[in-house]
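J.: I'd like to go over a predicted model; first the sequence, then the structure.
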Amino acid sequence: MKIDRRVLLGGMLAAGALGTRAAAVRAAEPGVSDVVLPRLAGHHRVIIDTDPGNDDAIAILMALSAPSLSVEAITVAPGNIRYDQEVRNALFVVELAGQAGRIPVHRGMTHPIMDRPYATATFIHGRDGLGDFEVPPVKQQPDPEHAVEAIRRIVRQHPGEVVILALGSLSNVAMALLLDPAIAPMLKGIQFVAGAGNAVPPFNAMADPEAADIVFRSGAPITFGLGGPTDSILTREDFAHIATFDTPRSRFFMRSNQKRLDFEMSARNAPGSVNGDPLATAMLIDPAVGIAFKAIHARVELEGQWTRGDILYGENRYNMQPTLPPNANLCVKADNERFKRILFDTLRRS
């Protein structure tokens with residue numbers, strides 16, 4: 001899908017205006033809250049927008065196994081690895097979850113909206129995205145409807161009910177908002193995984209900064225996290241515990257995530273693997289996983305040799321500039337033990 005730069009700039013301006021009108025509504029949510037945000041509570045219709053590497057795959061498996069979530073579609077965004085392989089991985093995980101033929105997988109934007117190059121992350125996901133796991137052929141084929149059109153259709157069919165679980169770059173989501181800004185207030189929420197807390201800029205925002213900027217200025221209700229290691233950590237002991245389940249799902253987890261565990265512990269000095277995507281999914285399944293949230297005004301850096309794609313927030317009293325109204329809720333604390341219980345329950349199933 002191509003878009004003219006004039007359309008892009010016009011859409012960005014419209015998204016910004018819509019965000020200003022919606023800010024007063026979101027500002028009513030507490031600045032720092034230890035209660036569940038209203039948009040996270042209850043049953044959700046979910047669109048999973050994803051770039052299936054190993055953590056995305058586990059998050060998808062969790063969502064497809066949760067009685068409280070109705071997954072309407074999986075849309076594939078550019079991100080972790082080669083795009084065609086991401087699509088194959090998404091189709092495989094649907095089959096692994098026992099949902100083949102029931103959950104549509106939509107191809108979407110194959111590149112960032114400005115078509116700029118971006119880095120992939122095979123060093124943590126493996127060549128094909130799922131660690132040492134080799135994806136077998138699957139019967140299900142991608143749905144012919146483009147991901148952007150699927151997002152617009154589903155949100156319009158179910159106003160106030162749909163949460164977009166955004167596990168990768170925001171290219172598809174941003175394009176849907178550019179083409180149809182009116183869907184922003186129709187969304188129940190966007191649950192965005194920006195990236196690992198120890199990666200600057202966070203990967204999913206860096207992959208398509210213009211898309212992230214459009215989404216944060218759209219007026220859509222956004223909750224996001226930076227994948228803090230203490231909140232989503234799985235230690236070597238947790239991996240050993242998962243291995244004892246000896247189910248197809250647990251065996252898939254072990255083969256696809258060992259590379260992530262080794263990289264996080266050796267290169268980032270983390271106490272285990274960091275799992276932002278599964279944590280965000282667990283928060284939709286059980287809102288009590290999110291312990292504290294902060295209402296912030298988030299902006300995306302679009303320039304800078306080293307900071308392009310970084311997400312900036314905070315008050316500005318030192319430079320005498322007013323702090324803008326909140327446009328997002330940042331999860332600042334989550335329950336690691338509750339998260340792990342949901343993950344373990346998913347992987348125990350045969």
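T.: Structure's in. What do you need?
J.: Buried residues of stretch 37-48, list them for me.
T.: By 16 or more other Cβ atoms under 10 Å, the buried positions in stretch 37-48 come out as 37, 39-40, 44-48. Heads up, the C-betas are built off the backbone N, CA and C, glycines and all.
J.: distance between the ends of stretch 226-236?
T.: Start-to-end span of stretch 226-236 (Cα to Cα, to the nearest Å) is 22 Å.
J.: elements contacting the strand or helix carrying residue 239?
T.: Using DSSP states H and E, residue 239 falls within helix 236-243. On a contact count with 3 or more Cβ pairs under 8 Å, 6 or more residues apart in numbering; DSSP states H and E, helix 236-243 meets helix 248-267, helix 336-348.
J.: so how far is it off the chain centroid?
T.: Its chain's C-alpha centre and that of helix 236-243 lie 25 Å apart, by Cα atoms, centre = their mean, to the nearest Å.
J.: Include distance to residue 275 when you put the buried residues of stretch 37-48 into JSON lines, please.
T.: JSON lines is the format used below for those (distance: Cβ to Cβ, whole Å):
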{"residue": "37", "distance to residue 275": "21"}
{"residue": "39", "distance to residue 275": "22"}
{"residue": "40", "distance to residue 275": "18"}
{"residue": "44", "distance to residue 275": "20"}
{"residue": "45", "distance to residue 275": "24"}
{"residue": "46", "distance to residue 275": "18"}
{"residue": "47", "distance to residue 275": "21"}
{"residue": "48", "distance to residue 275": "16"}
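J.: Buried residues in stretch 61-73, which are they?
T.: For stretch 61-73, a neighbour-count test (16+ other Cβ under 10 Å) marks 61-66, 69, 71-73 as buried.
J.: from the buried residues of stretch 37-48, which is closest to residue 157?
T.: In terms of Cβ to Cβ, no member of the buried residues of stretch 37-48 lies closer to residue 157 than residue 45, at 9.1 Å.
J.: Test my guess that the closest one contacts residue 70.
T.: Yes - checked against Cβ atoms under 8 Å, the pair residue 45 and residue 70 is within contact range at 4.9 Å.
J.: Now name the helix or strand holding residue 223.
T.: Going by DSSP H and E, residue 223 is part of strand 222-225.
J.: ditto for residue 175
T.: helix 171-179.
J.: How far off centre is that helix?
T.: Distance of helix 171-179 from its chain centroid, counting by Cα atoms, centre = their mean, is 15 Å.
J.: helices or strands next to that helix in the packing?
T.: helix 5-26, helix 147-157, helix 209-216.
J.: quick one on the thing from earlier: which of the buried residues of stretch 61-73 fall in strands?
T.: 69, 71-73 (DSSP state E).
J.: low pLDDT regions in the stretch 101-250 of the chain?
T.: The stretch 101-250 of the chain contains residues with pLDDT under 70 at 196-199, 227-229.
J.: again, 90 this time
T.: Across the stretch 101-250 of the chain, the ranges flagged by pLDDT under 90 are 115-124, 126-127, 132, 195-202, 225-231.
J.: just the stretch 251-350 of the chain next, same as before
T.: Low-confidence segments of the stretch 251-350 of the chain (pLDDT under 90): 267-270, 291-296, 304-306, 312-326, 332, 350.
J.: circling back: could the helices and strands packed on helix 236-243 go into CSV alongside distance to residue 78 and mean neighbour count?
T.: Output for these, formatted as CSV (distance: least, Cβ to Cβ, whole Å; neighbours: other Cβ atoms under 10 Å):
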stretch, distance to residue 78, mean neighbour count
helix 248-267, 20, 19
helix 336-348, 26, 19
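J.: Using a markdown table, lay out these together with distance to residue 213.
T.: As requested, the helices and strands packed on helix 236-243 are exported to a markdown table (distance: least, Cβ to Cβ, whole Å):
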| stretch | distance to residue 213 |
| --- | --- |
| helix 248-267 | 28 |
| helix 336-348 | 29 |
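J.: which residues in the stretch 51-200 of the chain form strands?
T.: 69-76, 105-107, 162-166, 189-193 (DSSP state E, counting those that start in this stretch).
J.: so can I have JSON lines of those showing distance to residue 296?
T.: Shown next, in JSON lines, are these (distance: least, Cβ to Cβ, whole Å):
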{"stretch": "strand 69-76", "distance to residue 296": "26"}
{"stretch": "strand 105-107", "distance to residue 296": "31"}
{"stretch": "strand 162-166", "distance to residue 296": "17"}
{"stretch": "strand 189-193", "distance to residue 296": "13"}
